[in-house]
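1. how would this look folded up:
(2 chains)
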There are 2 protein chains.
Amino acid sequence: MNKIKNDLILRAAKGLKVERTPIWLMRQAGRILPEYRALREKFPDFKTYIKTPEAVVEATLQPIKALGVDAAIIFSDILVIPEAMGLNYEMVEKKGPYFPKKIETLADIEKLKIANPEETLSYVTKAISLTKNEINYEIPLIGFAGAPWTIFAYMTEGSGSKTFSNARKWLYCNPEYSHILLDKITQSTILYLKAQIKAGADMVQIFDSWAGILPPQQYFEFSLKYITQICDSITEVPITVFAKDAYFARAEMAKLNCQVVGLDWCMDIAESRKLIPNKTLQGNFDPCNLYASKEIIKKEAEKMLNSFGSNRYIANLGHGLYPDIDADKVKYFIEVVQNFNHDFVI
Amino acid sequence: MNKIKNDLILRAAKGLKVERTPIWLMRQAGRILPEYRALREKFPDFKTYIKTPEAVVEATLQPIKALGVDAAIIFSDILVIPEAMGLNYEMVEKKGPYFPKKIETLADIEKLKIANPEETLSYVTKAISLTKNEINYEIPLIGFAGAPWTIFAYMTEGSGSKTFSNARKWLYCNPEYSHILLDKITQSTILYLKAQIKAGADMVQIFDSWAGILPPQQYFEFSLKYITQICDSITEVPITVFAKDAYFARAEMAKLNCQVVGLDWCMDIAESRKLIPNKTLQGNFDPCNLYASKEIIKKEAEKMLNSFGSNRYIANLGHGLYPDIDADKVKYFIEVVQNFNHDFVI
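-> Model (predicted):
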């Protein structure tokens, strides 16, 4: 097996020695880069684009060249899973996802398949293989999937929402059916992540974007339970769990069979270290901070780096980059992190 | 001065003896009631409606008769403050607020007035006086305003938003101008709340709806600082501060000169009691729980009541009611709370 040249992120994930803090950014590929906007002009439809492996490879590699991050993350969408289970969605420009037929009954759930990634998600695994060839063992490639609760939220709500009150209604009114659907999503997600790993993903991340809208007990029952199943099943590569706004679940997350836990920008770093003492932490720069002057970016980045310390840490944002953030500022932030001297004496 | 017959909420706010747990609900007046929907049909435009005191009185009183809550809250909108400062907004049906000309420069801020409530907000104070007459000292009337940060967020973003990244950009790029605007909003809000109290409000609540999107240090500097000023200025009646999702600010909120702190449904009750030991707590039933069967509503409501205990507690939701919640379930929830026997031996 070939050795990845810059494996800082993998080593940090495993709690091994690193010479400097590694960094990648959520949404590093995408609209902040002019070359991505040019690429996307060839694909007016988002779904056609993510189903074109050659184009996906290009977008995945763009931030490596433009920003110098320490890992690539495959460009895709978390909602490929509902589609692979048989629930179609549309991506409406500037509005977000929309499901023409959302999940409303037990019969709707029963009609869904367990996703067969080799059959219905080969456009992702093919893009991963092609990207791995292009990267040529320079840096690791990260795969990902949505957490079952977040996927469930879109499938039952039918679109994005301020409250996800329809999705949340399911948990109160149909807890048993909710578990049946969550179980199907979980099985699909495990197969999907395993297929990504088989295709070459060196690490995977689970995004629980709507973690923070559930009361703690419901979060444990309807989300963390299934994330636990995924973490228990993925033993091949390190796994990161990012549950946005789920501050109340941090102590429970320390018990997961994962190597890395992501923090959003509201989570206090020292408190999080105390609650999750046994994991590598990832995060948590406020993406809005990148609108500021370079002077302020440097000051705040160094404050963050000092708070996390040099050990068991992967620098990242507290959520994804916003499309109107200046790529030059992003590059500067990455340089500040990569040049920071932590007096590495691990 | 006349004595209010059912003053349970005022006594609970002050930490005095109560015979049972009092309750009111955020958004208790509004679309869950058929009589409200009938009333609103006469006013296709939301702003014309909130500027018609007689109609506002009617909507304010509807939940008293229909639901039997222990307080009324004047029906209005937090965005009357930007308008009273000179920044016009529109309420777009099903989409939310929209500012045709948002705040973009220091010159825009300088053009804004400190609101003169007697001049520009008399439609609210008139509705309060009229409501007080109608209530005839049966229960207290609650007044309210948005927290300066939340008002600032709408004024600089120009509309609702998933990220409020424009508003948050201001804090990073123009902290000094941000403080000038926040100061003007705060001065306006203090005058507005004092006018509401003069008109008859027996208690006031500050809604910081977008508290949870700021990193803690920014929340302290750009939001809690101004809430502190408001609390220090309002000494006439009890004041409640509800900062949704600002779990990280609870210890700091214990230092406010307010009597009541509101909790959302993600905040653990025991932990919140520990962090805010000196205040009455209000909350925190998940509005989505009201979609469930009466059996589950009762079980969960009693769990909440036992967790809060009988002392220094006002029952409420963790956020506002959703429009499609069945009014009959809401009424049932209120009855469960009002009939709960806490073995009141305070």
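2. tell me where the stretch 201-346 of chain A has helices.
-> A:216-219, A:225-233, A:250-253, A:269-275, A:294-308, A:327-339 (DSSP state H, counting those that start in this stretch).
3. now for the ones you listed, which one comes closest to A:A147?
-> Ranking the helices of the stretch 201-346 of chain A by proximity to A:A147 (C-beta to C-beta) places helix A:225-233 first, at 5.6 Å. From N, CA and C alone the C-beta is placed, and that goes for glycine too.
4. so what touches that closest one?
-> A:147-149, A:182-183, A:185-186, A:189-190, A:193-194, A:206, A:208, A:239, A:241, A:243, A:255-258 (C-beta atoms under 8 Å, 6 or more residues apart in numbering or on different chains).
5. repeat that for stretch A:122-135.
-> A:50-54, A:56-57, A:60-61, A:64, A:72, A:74-76, A:80, A:117-118, A:141, A:143, A:192, A:195-196, A:198-201.
6. and that stretch, how far from the chain's centre?
-> 18 Å (C-alpha atoms, centre = their mean, to the nearest Å).
7. and if you look at stretch A:51-69?
-> 16 Å.
8. mind listing what's buried along that stretch?
-> A:51-53, A:55-64, A:66-67, A:69 (16 or more other C-beta atoms under 10 Å in any protein chain shown).
9. let's see which of those end up in helices.
-> Using DSSP state H, the members of these that fall within helices are A:53, A:55-64, A:66-67.
10. using a markdown table, lay out the residues you listed together with pLDDT and distance to chain B.
-> Listed next are those as a markdown table, based on pLDDT from 0 to 100; distance: C-beta to the nearest C-beta, whole Å:
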| residue | pLDDT | distance to chain B |
| --- | --- | --- |
| A:P53 | 98 | 30 |
| A:A55 | 98 | 26 |
| A:V56 | 98 | 25 |
| A:V57 | 98 | 29 |
| A:E58 | 98 | 27 |
| A:A59 | 98 | 22 |
| A:T60 | 98 | 24 |
| A:L61 | 98 | 27 |
| A:Q62 | 98 | 22 |
| A:P63 | 98 | 20 |
| A:I64 | 97 | 25 |
| A:A66 | 98 | 21 |
| A:L67 | 98 | 20 |
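11. for the residue of the stretch 1-150 of chain A found nearest chain B, phi and psi?
-> Proximity of the stretch 1-150 of chain A to chain B (C-beta to the nearest C-beta) peaks at A:G96, 8.7 Å away. With angles defined as degrees, to the nearest 10, A:G96 sits at phi 110, psi -170.
12. tell me the bridge partners for it.
-> A:V92 (DSSP bridges).
13. and the stretch 201-346 of chain A, which of its residues are near chain B?
-> A:212-216, A:245, A:247-248, A:265-268, A:286-289, A:291-293, A:296, A:318, A:322, A:324 (C-beta under 8 Å from any C-beta of the partner chain).
14. narrow those residues to those that are buried.
-> Among those, the ones that count as buried by 16+ other C-beta under 10 Å are A:212-216, A:245, A:247-248, A:265-268, A:286-289, A:291-292, A:318, A:322.
15. three-state assignment of the nearest residue to A:K5 once chain neighbours are set aside?
-> With C-beta to C-beta, 6 or more residues apart in numbering or on different chains as the measure, A:E138 is the residue that lies nearest to A:K5, at 5.4 Å, once sequence neighbours are left out. What DSSP: H, G, I helix; E, B strand; the rest coil gives for A:E138 is coil.
16. great, nothing more from me.
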